[in-house]
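S.K.: Structure for the following, please:
(chains A and B)
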Amino acid sequence: MSNQTRRPALGNLLRRPETGSLLGLVTVFVFFAVFGGADFASATGAASWLNVAASLGIVALPIGLLMIAGELDISIGSMIPAGSMAVAIVSGHFHAPILVGIGTALAIGAVVGFINGVLVVRTAVPSFIVTLGTLFAVAGLVLGLSVILTGTTSVGIKAGPEAKWLLGHFIGGTFQVTIFWWIAAALLFGFVLHYSHYGNWILAMGGDKVSARNAGIPTERVTILLFMCSGVSAAFVGLSQAILYNSAQVSAGQSYIFNAIISVVVGGVLLTGGYGSVVGIVLGTITFAIVNQGIYYTGFDANWASLIIGILLLLAVLMNNTFRKLALAYSPARGKSRT
Amino acid sequence: MKHVVKLLLTAAVIAATATAARADGAKIAVIGGKADDPFFAKIKKGIDDAAMVVKAHGGAVNYLQLQTYDNIGGDAANLIRTAIAQHASVIAAPDWVADSEDEAYKAATAAGIPVMLYNAGGGDKAKELGAINYIGNEEYPAGLAGGAYFASHGSKNVICVNTVPGAGNLEARCKGISDGIAKSGGKSTQLPLPASSFGNPTAVAEAIKATLLKDASIDGVATISAGDADSAANGIQQAGRTSKVKLGTFDMNETNLERIKEGTQLFAIDQQPWLQGFLAVSLSDGFVNYGLKTATPTILTGPGIVDASNIDATIAGAKAGYR
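M.R.: Model prediction:
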């Protein structure tokens, strides 16, 4: 991408992976600003979609990177509740220090991610199938363990003021502190994808894994690391939600699988890998969150919510596709563009 | 190799004797919800507790659970047929979707297997199907009780947050709330949320916040599950309306109960799931073994209102997994 940023002409701007997603975002924002009125445009209105985007965004980022690398991780659907339950059981039920609970949750995420990565690398079974397996396996493990350990499937947790301040409070009563974690995650993943050598490796792996390996890229290590990132991120979202809402349930989080993939695709990442950007993923997540929450500010009957969500998302993706075609069909006079 | 064969044979013999031993008493097949559903976990505890009695009578309980709730009626009907094929001596099951399940119930009756309805279906359905009895809650009256409770505590405009729009039992809950509050001149409208919000507490909380900001006259929020009540409490707080908007919910969890104790949640409507599991199994056992039957046609385990007046006993029960 760096060869494009050097020449900031309009044509190049239109060909950036995130241009389409930005236009999609502007479209849905204008739509709800018109139909949602003053409340939607206010700070509390912005909090509505930012709060939803934050927790979704933290999982969508590593999922996006995985998808760029040509992989998929749907085990996040049970890693989120696993993270919630881990912190709630360790610190809520057994009253261990909150740091131990947080550490346990993140460690579980890393371990599950590691297992996912190793299985994908060693077995060559498509990651969709591998993580489908771990999706069920982790769900079963969480349920079984929580019933054995606590005798129930819903555990309460009262975090101390420091943990609450860091992970589960509302700034000014409206903005979740999770938003800042999301920004931090976006900066981190943005650096990895766009400014470190890992980024080129990831893009190359999604383009053609065999050539990437032949070119000397440690594809196995990168794949395993990416799965560990998504496991840890999902566990993080789970534990911060448990601290925020003071309770954890074994079965919450399945909707994240789909929502994260939608956000990533709306953000311009190619489903088949090899193309995408972190800014795009962030914009896609915000677009999805606005579409999902904006409806409550409008006068529309909420029964139609799903229909409107569907149509707006389709529009956003279509806009994206148009711009991606522009970008992929582009061949500068002095030689072929990298993507 | 020889050892392996021997081991396998021994295992087979043990398994065969175990099955034979179990076949002496009543073979009670219980169809139920997913085990990771916090609500059904309490029913399951009741079933497990009653299973001790069944075991003492020489019988056994086989719990057949749904894997997902995506096709609840059809899947439950298949489980009923599985129980018939296993020659259960009695089948206890919820009638979630009458249109899908009733045929399976009739097949059970035709095969000479008595049926006990619990958790969903209602007394009229039990009579229609010739079931032994119905043990459980009736959603609409539970909603009515909730609506009346809201009205008696001064709420005039209540939203009923439905995170699974279209599910018959949840629609009945919201309709009950609406009719219950209408008797005192108040009103209640449903807030249906799309499937993309289900299981995402932030999305539910933000939806409730937005709705409260849009309509300042809302003074009550009813939720259809305990987890949603946690989200609602958060949404109400974000909208800055904790003192004005009262919160009530169907079902409950530890955090709900603590809020009731603190005074930031008004009440929870409990259908006492442990009783449903316990009674469904123990009454089925008594009926099959000894022809015991209660004279009460429908055994309602709910609605029980949990509020500040009975919160301490409820918290004690919740700690032990009974509530």
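S.K.: Point out where the stretch 201-339 of chain A drops to low pLDDT.
M.R.: Low-confidence segments of the stretch 201-339 of chain A (pLDDT under 70): A:252, A:332-339.
S.K.: Near chain B, which residues of it? Just list them.
M.R.: Residues of the stretch 201-339 of chain A that fall close to chain B, judged by Cβ under 8 Å from any Cβ of the partner chain: A:241, A:244-247, A:249-256, A:258-259, A:292-293, A:295-297, A:302-303, A:305-306, A:309. Backbone N, C-alpha and C define where each C-beta goes, glycine included.
S.K.: Can you list which of the residues you listed are found in helices?
M.R.: Among these, the members found in helices (DSSP state H) are A:241, A:244-245, A:254-256, A:258-259, A:292-293, A:305-306, A:309.
S.K.: Filter the residues of the stretch 201-339 of chain A next to chain B down to the buried ones, PyMOL style.
M.R.: PyMOL command restricting these to the buried ones, with burial defined by 16 or more other Cβ atoms under 10 Å in any protein chain shown:
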select buried, chain A and resi 241+244+245+246+247+249+250+251+252+253+254+255+256+259+292+293+295+296+297+302+305+306+309
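S.K.: center of chain A - which residue?
M.R.: residue A:60 (1.0 Å; Cα atoms, centre = their mean).
S.K.: Show me where the stretch 101-250 of chain A has its helices.
M.R.: A:127-150, A:161-167, A:178-195, A:197-207, A:209-214, A:219-245 (DSSP state H, counting those that start in this stretch).
S.K.: Excluding its own residues, what touches the shortest one? List them.
M.R.: The contact list for helix A:209-214 (Cβ atoms under 8 Å, 6 or more residues apart in numbering or on different chains) reads A:70, A:201, A:204-205, A:219.
S.K.: any idea how far residue A:157 is from residue A:141?
M.R.: Here residue A:141 is placed at a distance of 20 Å from residue A:157 (Cβ to Cβ, to the nearest Å).
S.K.: neighbour count winner among these two?
M.R.: Using other Cβ atoms under 10 Å in any protein chain shown as the criterion, residue A:141 and residue A:157 rank with residue A:157 on top: 27 against 15.
S.K.: so the more buried one touches residue A:242, yeah?
M.R.: Yes. Using Cβ atoms under 8 Å, residue A:157 makes contact with residue A:242 at a distance of 5.6 Å.
S.K.: Count the residues that sit near residue 207.
M.R.: Picking chain A for this. Using other Cβ under 10 Å, residue A:207 is surrounded by 19 other residues.
S.K.: Hmm, no, I was thinking of chain B.
M.R.: Other residues near residue B:207 come to 29 when the count uses other Cβ under 10 Å.
S.K.: show me where the stretch 51-200 of chain B has helices.
M.R.: Using DSSP H, counting those that start in this stretch, the helices of the stretch 51-200 of chain B run over residues B:72-85, B:98-110, B:123-129, B:139-152, B:168-182.
S.K.: Pull out the buried positions in the shortest one.
M.R.: This points to helix B:123-129. For helix B:123-129, the neighbour count (16+ other Cβ under 10 Å) marks B:123, B:125-126, B:129 as buried.
S.K.: Restrict that helix to CA atoms and write it as CSV.
M.R.: Extracted in CSV, the C-alpha atoms of helix B:123-129 (Å, rounded to 0.1, in the frame of the first residue of the first chain):
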residue,chain,number,x,y,z
GLY,B,123,-53.6,-27.3,31.1
ASP,B,124,-56.0,-27.2,28.2
LYS,B,125,-53.4,-28.8,25.9
ALA,B,126,-52.8,-31.5,28.5
LYS,B,127,-56.5,-32.3,28.6
GLU,B,128,-56.7,-32.3,24.8
LEU,B,129,-53.8,-34.7,24.3
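S.K.: and it, what other elements does it pack with?
M.R.: Here helix B:123-129 touches helix B:98-110, strand B:115-118, strand B:134-136, going by 3 or more Cβ pairs under 8 Å, 6 or more residues apart in numbering or on different chains; DSSP states H and E.
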